[in-house]
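no FASTA, just this:
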């Protein structure tokens with residue numbers, strides 16, 4: 001009887017084993033490099049790895065898959081029946097390989113493969129039309145009224161600007177120009193003041209302690225930062241006054257691969273105060289409208305949008321802000337774009353009813369308790385930004401991580417009631433969770449453990 005010989009020689013199996021070990025170890029080393037760059041603040045993975053080693057996130061899962069397949073082939077071929085590997089140890093290695101592969105593949109999918117907005121460095125900014133002054137210069141004298149029977153030659157005039165959307169009922173008197181509002185807040189010499197954290201100025205009826213901890217007064221903008229605490233719950237309000245809409249500025253990244261944290265965006269434009277926006281390039285946007293600084297970022301290339309599955313928040317160039325309910329309101333792309341929007345946020349939901357009362361039902365499934373960021377509106381030129389600490393690690397306004405002193409966060413119902421209590425006439429929920437953060441005076445309030453696409457900031461133009 002002839003002796004049974006294996007289909008593959010020992011030499012071939014040894015070579016395959018060597019290749020599998022190399023793949024496995026290389027995958028582990030590259031995974032360590034990838035994790036290290038995630039942990040190091042200086043080398044943000046989206047600005048360093050994707051800029052210098054774009055192949056790394058793809059190479060890691062491929063190496064693990066190949067090593068798993070080769071090890072499985074060796075096991076089936078009988079290479080581990082003797083002294084090479086214990087069978088139980090082999091199954092453990094394969095299990096670890098699959099776990100690492102699944103985790104890294106999920107990370108790769110979430111970070112690089114779910115962004116239908118843009119391809120890196122390929123977006124063409126579409127700048128929307130800006131308002132044009134229609135009033136004649138003050139030096140011009142009005143034309144004389146023609147006498148009866150006099151022939152008058154009519155000159156061509158520019159087409160009239162479209163009517164502004166009905167954000168509020170038509171005023172009964174001429175509104176004060178934005179440039180003349182809030183004189184008590186404006187200073188010819190910009191200055192800032194920082195107050196002690198325990199300088200409690202007021203205890204509200206429900207026991208909440210309120211403290212003014214920072215104030216800024218400039219030639220075009222003024223900001224007061226208030227800190228609120230009730231038990232473990234903590235949140236801050238930035239009370240914002242501007243006399244020019246050039247003060248309300250967004251800073252953003254059109255590529256998910258170049259996202260950074262709130263403080264980096266804020267430092268780039270020397271923001272007085274800044275908070276995270278709606279994280280529009282997260283890959284979770286399929287419809288709606290995104291505009292920043294008068295530039296339409298989604299849909300791309302200035303294409304018209306007809307589908308809106310999320311509530312929209314629009315800040316117009318005249319200082320008004322309107323929040324559109326995607327179910328109850330008629331959201332008209334042409335109307336919004338034709339009335340000179342400065343910023344359009346596509347996240348939501350709308351937090352207040354049209355009469356300023358708190359909502360209890362929302363066009364969102366993100367109602368559970370969480371860190372929160374909300375944008376509020378009082379009147380043209382007067383806004384508020386609220387950041388609520390949640391169940392993640394807390395960074396206080398001195399930049400210290402207080403660890404165990406965790407604020408519980410808020411549900412959407414609680415956030416809506418807070419916006420009503422703050423006397424906002426309109427309010428809108430922005431991205432929350434790890435994105436929620438506010439930066440002022442070079443300090444951070446919030447978690448800020450996640451990079452995101454954009455901020456809304458107050459600057460001196």
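That came in fine, so what should we check first? Being a predicted model, the structure only gives us computed values, none of them experimental.

quick one: low-confidence ranges for the stretch 301-450 of the chain?
Applying pLDDT under 70 to the stretch 301-450 of the chain flags the ranges 392-405.

If you could redo that for the stretch 1-150 of the chain, that was the one I meant.
1-7, 37-54, 57, 72, 75-98, 100-126, 129-150.

Would you mind measuring from residue 219 to residue 441?
Separation of residue 219 from residue 441 (C-beta to C-beta, to the nearest Å) stands at 18 Å. All C-beta spots, glycine's among them, are computed from the backbone N, C-alpha and C.

go on, residue 388?
Residue 388 is 20 Å from residue 441, by C-beta to C-beta.

How about residue 364?
32 Å.

Over to residue 194?
6 Å.

Same question for residue 327.
On the measure of C-beta to C-beta, residue 327 and residue 441 end up 40 Å apart.

Going by how many neighbours each has, rank the two and give me the top one.
Per other C-beta atoms under 10 Å, whichever of residue 327 and residue 441 has more neighbours is residue 441, with 15 against 12.

Excluding chain neighbours, what is closest to that one?
residue 214 (5.8 Å; C-beta to C-beta, 6 or more residues apart in numbering).

same check, this time on residue 225
In space, residue 225 is closest to residue 214, 4.0 Å off (C-beta to C-beta, 6+ apart).

Read off the pLDDT value for that neighbour.
With respect to pLDDT, residue 214 scores 94.

I figured residue 461 hits residue 220, correct?
Yes - counting by C-beta atoms under 8 Å, residue 461 touches residue 220, with 6.2 Å between them.

Now name the helix or strand holding residue 428.
strand 426-429 (DSSP states H and E).

Next SSE downstream of that strand?
Next along from strand 426-429, by DSSP H and E: strand 437-440.

so where do the helices sit in this protein?
Shown for the chain, the helices assigned by DSSP state H span residues 10-39, 49-52, 56-76, 87-112, 262-268, 333-338, 412-421.

for the last one, packing partners?
This points to helix 412-421. On a contact count with 3 or more C-beta pairs under 8 Å, 6 or more residues apart in numbering; DSSP states H and E, helix 412-421 meets strand 372-379, strand 382-388, strand 426-429.

which stretch among the ones you listed comes nearest residue 309?
strand 426-429 (15.1 Å; C-beta to C-beta).

who does the closest one touch, helix- and strand-wise?
strand 321-324, strand 372-379, helix 412-421.

circling back: what do residue 461 and residue 220 both touch?
Counting by C-beta atoms under 8 Å, 6 or more residues apart in numbering, the shared contacts of residue 461 and residue 220 are 244, 246-247.

mind checking how far the nearest residue to residue 270 once chain neighbours are set aside is from residue 329?
Nearest residue to residue 270, sequence neighbours excluded (C-beta to C-beta, 6+ apart): residue 459, at 6.4 Å. Residue 459 is 31 Å from residue 329, where distance means C-beta to C-beta.

the more surrounded of these two?
Using other C-beta under 10 Å as the criterion, residue 459 and residue 329 rank with residue 459 on top: 20 against 15.

how much space between the more buried one and residue 265?
To residue 265, residue 459 is 12 Å away according to C-beta to C-beta.

List the residues that are in contact with both of these two.
residue 271.

circling back to that earlier point, mean neighbour count and distance to residue 58 for the helices and strands packed on strand 426-429 - can I get that in TSV?
Formatted as TSV, the helices and strands packed on strand 426-429 follow (neighbours: other C-beta atoms under 10 Å; distance: least, C-beta to C-beta, whole Å):
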stretch	mean neighbour count	distance to residue 58
strand 321-324	23	40
strand 372-379	24	33
helix 412-421	21	38
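
thinking again about what came up before, so which of residue 461 and residue 220 has more stuff around it?
Comparing residue 461 with residue 220 by neighbour count (other C-beta under 10 Å), the higher total belongs to residue 220, at 18 against 13.

Show the contacting residues for the more buried one.
Residue 220 neighbours (C-beta under 8 Å, 6+ apart): 186, 242-244, 246-247, 460-461.

Which pLDDT value goes with it?
pLDDT, residue 220: 95.
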